[in-house]
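**Q** Turn this into a structure:
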Amino acid sequence: MPQLDHFPNTPLSGFLRRAGACLFAVAALTGTARAQDGYPARPITMIVPFGPGGTSDIMARILQKSLTDVLGKGVVVENRAGAGGAIGMSELARAPHDGYTIGLSVVGPEAIQPAIRNTGYTPASFDHLCGTYDVPLMMMVKPDSPWHTLQDVIDAARKQPGKLNFGSSGTGTVLHLSMQGLMDAAGATALHVPYKSSGEMVTGLMGGQIDIFAETPTVSRQYKLRPIALFSEQRLPGYPDVPTVREQGYPIAFSVWGGLIAPKGLPADVRGKLEAACDKAVHTQAYQDAAAKLDTPLVYKDGRVFGESVQGEYGRYGVIVRKIGLDKQ
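**A** Numbers count the residues shown, from 1 in each chain. Take a look at the predicted model:
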């Protein structure tokens, strides 16, 4: 092919330059298509917006293993704790939307924190790939606690207002709102002590820095803590002797749900592969057995249904946050 320098400032040189540009564009698009066809070509990072030891971390690691088997590439969990999960979610929202950074969506960071303050993201900042679990919260204490019933806890909080303290994985998390909501409903007062993660909160409970907290049955089972009551509509089959707070006169229900998300704008084929991989991973017997052992059975939602559900929860918690004035703090 003749060099363009041989045809300076001629119609032919312009034509050749335009033809070359078109060929370059076609090559670039073809390369991108081939790269996406080969997805994933390297390990994938899964951001978990809390520290190790809590429900989110435990469920992420179960999913990590199954996803790695399905995708054929390593999925690496990275914990990004802080600000009630908002730090990790902010990092995920800013990550490249190429499918190599995904994250575990959790009720607090995605549906509650953006309702409290400007986190720089909302549920609309993410592509929702699949919902994987939804489990009610359980109030629990350490094994040698003097409290055995919900009424014991309420009585203690009423008799000495502010002396009883409860932990959470951060201000404005569902763990915080569930206990605060119960205390408000019961006309009792307790001190809220926020931690960066459920693992740290368990350490605080066992060390006597806090008296009680609400988390999932997963945590109760993992750390052999004594269950007191469930924030659910009905009792759980695995805990037939643990009453609900509704049974005792407080119509309150809170749950921890989670699923797989990615920064908004994934290429359609990459998103499709991740959605299909999540569907396949959570329906393996290995995943379901591991989740069932932790009292967190599979509650699957496809990407569309999960996204709509999260948007609904964002609205619901926004009402609660404004009602108790958390958005003004």
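
**Q** Quick one: the helices in the stretch 1-150 of the chain, in order.
**A** 11-37, 55-71, 86-94, 107, 113-116, 150-159 (DSSP state H, counting those that start in this stretch).

**Q** Asp134 reaches Ser255, doesn't it?
**A** Yes. With contacts counted by C-beta atoms under 8 Å, Asp134 reaches Ser255, the gap being 5.5 Å. (Each C-beta comes from the backbone N, C-alpha and C, glycine too.)

**Q** Count the neighbours of Gly258 for me.
**A** Residues lying near Gly258 (other C-beta atoms under 10 Å) number 25.

**Q** Please name every helix or strand in contact with the helix or strand where it lies.
**A** According to DSSP states H and E, Gly258 maps onto strand 255-263. In terms of contacts (3 or more C-beta pairs under 8 Å, 6 or more residues apart in numbering; DSSP states H and E), strand 255-263 is packed against helix 55-71, helix 86-94, strand 101-106, helix 107, strand 126-136, helix 268-282, helix 303-323.

**Q** Run a quick neighbour tally on Arg117.
**A** When neighbours are defined as other C-beta under 10 Å, Arg117 has 15 of them.

**Q** Would you list the phi and psi of it?
**A** Torsion angles at Arg117 (phi, psi; degrees, to the nearest 10) stand at phi -150, psi 170.

**Q** cool, and the one 3 residues further on?
**A** Its backbone dihedrals place Gly120 at phi 90, psi 0, with angles given as degrees, to the nearest 10.

**Q** contacting residues around it?
**A** By C-beta atoms under 8 Å, 6 or more residues apart in numbering, the contact list for Gly120 reads 90, 93.

**Q** and it, what pLDDT?
**A** If you check Gly120, the pLDDT there is 96.

**Q** and the gap between it and Leu92?
**A** 11 Å (C-beta to C-beta, to the nearest Å).

**Q** now do Thr244
**A** As judged by C-beta to C-beta, Thr244 and Leu92 stand 34 Å apart.

**Q** repeat for Pro227
**A** 32 Å.

**Q** Give me the more crowded residue out of the two.
**A** Per other C-beta under 10 Å, whichever of Pro227 and Leu92 has more neighbours is Leu92, with 27 against 17.
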